[in-house]
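Chemist: Mind folding the following:
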Amino acid sequence: MVDLPAKLWVSRFDAPKPYPAAVLYGPVVLAFRSLDGDPSGKIDLDNIERCLVPVPGAPLNFHLASDANILARPFYEFKQGEKYYMYLDKTAK
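Modeler: Presented below is the predicted three-dimensional model:
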């Protein structure tokens, strides 16, 4: 058996700039489901491990600690036509 450690981390497109950014768990890109629109302003990318809480019984699924209605899960789990947010940018209009 191989055990590969993984953790939540943020990948920024341009390192000195905070946005746009994507959230990953190990090599897996996470996308966000939010019924209230773009969740970028609610996600603290500098404290991503405290910001997201694992969903019990759902591997690689997390919800926002401050808003359980915002769900993060692997991009590949979203179905066709389902709205998601992958690249976060709270400065975008």
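Chemist: So for the strand ranked longest in the chain, what gets flagged as buried?
Modeler: Determined from DSSP state E, the single longest strand within the chain is strand 67-74. For strand 67-74, the neighbour count (16 or more other CB atoms under 10 Å) marks Ile70, Leu71, Ala72, Arg73 as buried. Bear in mind the C-beta positions are built from the backbone N, C-alpha and C, glycine included.
Chemist: Would you format those as JSON lines with distance to Asp38 included?
Modeler: Listed next are those as JSON lines, based on distance: CB to CB, whole Å:
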{"residue": "Ile70", "distance to Asp38": "10"}
{"residue": "Leu71", "distance to Asp38": "14"}
{"residue": "Ala72", "distance to Asp38": "14"}
{"residue": "Arg73", "distance to Asp38": "17"}
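Chemist: Of those residues, which is the nearest to Val10?
Modeler: For the buried residues of strand 67-74, the minimum distance to Val10 (CB to CB) is 12.0 Å, reached by Ala72.
Chemist: Contacts only, for that closest one.
Modeler: Val23, Leu30, Ala31, Phe32, Arg33, Leu52, Asn61, Phe62, His63, Leu64 (CB atoms under 8 Å, 6 or more residues apart in numbering).
Chemist: closest to Trp9 among those?
Modeler: Val23 (7.6 Å).
Chemist: Shouldn't Arg50 be within a helix?
Modeler: Yes. Per DSSP: H, G, I helix; E, B strand; the rest coil, Arg50 lies within a helix segment.
Chemist: Confirm for me that it is in contact with Ser66.
Modeler: No. Using CB atoms under 8 Å, Arg50 is not in contact with Ser66; the gap is 10.2 Å.
Chemist: Identify the bridge partners of Leu52.
Modeler: Bridge pairing for Leu52 (DSSP bridges) gives the partners Leu64.
Chemist: mean confidence score for stretch 55-67?
Modeler: Averaging pLDDT along stretch 55-67 yields 97.
Chemist: Quick check: buried residues in that stretch?
Modeler: Leu60, Asn61, Phe62, His63, Leu64.
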